[in-house]
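A.B. asks: Provide a 3D model corresponding to the input given below.
(one chain, ligands or ions: 1)
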Amino acid sequence: MVSGIPATNGRGYNVMSGVPATSGRGCRYKLWALMTHAAIILKYPIALIERLFPSILCRTKSQGIHLTFDDGPHPAATPVVLDILKQFGIQATFFLNGEHIDWYPELVRRIVKEGHSAQNHGYTHRNLFRCSAAVVKDELLKTTEAIMRHGGSTPKYFRPPFGFFRNETLKIAAECSLKPVLWSFDSKDYFHREKTFDRSIARHTFTGGEILLFHDNESTYGSAEKTVRSLVDFLSKRHFAFSAIEE
Ligand SMILES: [Zn+2]
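C.D. replies: Numbers count the residues shown, from 1 in each chain. Okay, here's the model as predicted:
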């Protein structure tokens, strides 16, 4: 929490630290299954995820790079990100939480007006692995409706909160005409390692079509100034272009 920044929903946000506490009540799935899924997503090579879950998009066939920002809109973090993107003339993809859309609709309108892609990140940022089919569907449909109500076009993509999902989640997303999206590079902006970020991007071999994960939320507020600028500068010098996700 950053002083002066309005709280959002008080839940964790990122894959590494944001898993909600579990009471075990009503949970139909064993802990090992959840941990296995998380391990697959967090630790295994992207190629393996693509093989195990072919319906999930981890990178596109584009030659360009796709910047994505999760958890917004946020009243402090999102304008900073939008200002940087405008300065570089870059279009990005924002995976928005539905309840944040309803709290800060003017920011959604700005995202859309400035040519970015507004996509679906669930309504309340809950772990959909543990939710019933009815709840998952409600989370997705309410967020799609909120995006469209505030000027966005019909979302085509959905990123599961925390990167957690199960096969039923993917099936419901398909029923809602949403393609699941993860990422091929995690900026780990939630660690606020701005001083060592240059080294981390230098170690990664970037290729066309990569989907890069960033956040515009209260836990990453302040990091975008350094990380996004560094990354765009690094990749622009290597002649990569940037675009919103589009297949
Ligand atoms: Zn998220």
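
A.B. asks: Please say whether there is contact between stretch 126-142 and the ion.
C.D. replies: No. Using CB under 5 Å from the ion, stretch 126-142 stays clear of the ion, coming no nearer than 10.3 Å. Where C-beta positions appear, they are placed from N, C-alpha and C, glycine not excepted.

A.B. asks: measure that stretch end to end?
C.D. replies: One end of stretch 126-142 to the other measures 14 Å (CA to CA, to the nearest Å).

A.B. asks: Stretch 234-244 too?
C.D. replies: End-to-end for stretch 234-244, by CA to CA: 18 Å.

A.B. asks: Repeat that for stretch 181-193.
C.D. replies: 25 Å.

A.B. asks: Report the contact partners of the residue most central in space within the chain.
C.D. replies: By CA atoms, centre = their mean, the chain has its centre lying nearest to residue 70, at 3.4 Å. By CB atoms under 8 Å, 6 or more residues apart in numbering, residue 70 lies in contact with 13-14, 95, 121, 159, 213-217.

A.B. asks: let's see it at 10 Å
C.D. replies: 13-15, 93-97, 119, 121, 125, 159, 161-163, 183, 189, 213-217, 220 (CB atoms under 10 Å, 6 or more residues apart in numbering).

A.B. asks: cool, and residue 228?
C.D. replies: By CB under 10 Å, 6+ apart, the neighbours of residue 228 are 67, 69, 80-81, 84-85, 88, 90, 92, 187, 189, 197, 212, 214, 216.

A.B. asks: Helices - which of these land there?
C.D. replies: 80-81, 84-85, 88, 197 (DSSP state H).

A.B. asks: same for the longest helix anywhere in the chain, what does it pack against?
C.D. replies: The longest helix of the chain (DSSP H) is helix 133-149. Counting contacts by 3 or more CB pairs under 10 Å, 6 or more residues apart in numbering; DSSP states H and E, helix 133-149 is packed against strand 93-96, helix 98-103, helix 105-113, strand 117-120, strand 157-158, helix 167-175.
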